[in-house]
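**Student:** My questions are about this predicted structure, shown below with the sequence.
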Amino acid sequence: AQSVAQPEDQVNVAEGNPLTVKCTYSVSGNPYLFWYVQYPNRGLQFLLKYITGDNLVKGSYGFEAEFNKSQTSFHLKKPSALVSDSALYFCAVRDGSARQLTFGSGTQLTVLP
Amino acid sequence: DVKVTQSSRYLVKRTGEKVFLECVQDMDHENMFWYRQDPGLGLRLIYFSYDVKMKEKGDIPEGYSVSREKKERFSLILESASTNQTSMYLCATTWATTNTGELFFGEGSRLTVL
């Protein structure tokens, strides 16, 4: 079985400050981890993924995520937030042998000017 | 760029009506998925298909069926719509050669059942 948790429904951060959106996961095998972003009334857009290798993954729009196996976490980060980063963010996990992706409940990020 | 097109962005239907949601992709992807998105629940998988005429149940298949007669098209069918099926429906695709691939999503179909 695979599952993912996003413990924060809402994250607020001031523009220019660093941001973190948290994600923890549970899988029985090796995890494949993904972050997606959703703007209002739109589909999801892929940001980045961890499959193997370097624990720090860089993605689109200046986002990065750190894979931590011991803490089973994959937190999304950005050094300096923009107002345009305000959106709904989803973490997702796939067990290495699974076909389908399991999504978290989402975190609404609001960047305040 | 991958293009995933959902036929209707907004639909309003009455309880008991039959509803078709269609999804077409132009990248020759083998795998196609239907999710529903509800506030606080994230995305939940309804059905997926990894080949023409093949389908597998996801986590919440009750009240839904699917059809995949051609590789590029995956349809979600609500045989008798109910108010608890009011939701945002998202279609997604990915290639099948590896399960490390990310999903590509359509813009979504927001269904309201009255």
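**Tutor:** Right, received. Where do you want to start?
**Student:** who in chain A is up against chain B?
**Tutor:** Proximity of chain A to chain B (CB under 8 Å from any CB of the partner chain) is limited to residues A:6, A:9, A:32, A:34, A:36, A:41-46, A:49, A:51, A:90, A:94, A:96-106. Just so you know, the C-beta spots here come from the backbone N, C-alpha and C atoms, and that holds for glycine as well.
**Student:** For the one residue in chain A that gets nearest to chain B, give me its contacts.
**Tutor:** Using CB to the nearest CB, the closest approach of chain A to chain B is made by residue A:43 at 3.6 Å. By CB atoms under 8 Å, 6 or more residues apart in numbering or on different chains, the contact set of residue A:43 is B:4, B:90, B:105, B:106, B:107, B:108.
**Student:** for these, which one is nearest chain A?
**Tutor:** residue B:105 (3.6 Å).
**Student:** Residue B:16 reaches residue B:80, doesn't it?
**Tutor:** Yes. Residue B:16 lies in contact with residue B:80 (CB atoms under 8 Å); the separation is 5.3 Å.
**Student:** tally of neighbours for residue B:63?
**Tutor:** When neighbours are defined as other CB atoms under 10 Å in any protein chain shown, residue B:63 has 14 of them.
**Student:** can you tell me how far it sits from residue B:46?
**Tutor:** Distance from residue B:63 to residue B:46, counting by CB to CB, to the nearest Å: 9 Å.
**Student:** Pull out the buried residues from the residues of chain A next to chain B.
**Tutor:** The neighbour count (16 or more other CB atoms under 10 Å in any protein chain shown) marks A:6, A:32, A:34, A:36, A:43-46, A:49, A:51, A:90, A:94, A:98, A:100-106 as buried among these.
**Student:** residues in contact with the residue at minimal distance from the centre of chain B?
**Tutor:** Residue closest to the mean C-alpha point of chain B, counted by CA atoms, centre = their mean, is residue B:34 at 2.7 Å. Under the criterion of CB under 8 Å, 6+ apart, the neighbours of residue B:34 are B:21, B:23, B:45-48, B:58, B:64, B:66, B:74, B:76, B:89-91.
**Student:** By mean pLDDT, point me to the weakest helix or strand of chain A.
**Tutor:** Every helix and strand in chain A was compared by mean pLDDT, DSSP states H and E; the lowest is strand A:102-103, with a mean of 92.
**Student:** Can you name the residues of chain B that neighbour chain A?
**Tutor:** Residues of chain B lying close to chain A (CB under 8 Å from any CB) are B:4, B:31, B:33, B:35, B:40-45, B:48, B:50, B:56, B:58, B:90, B:92, B:99-100, B:102-108, B:110.
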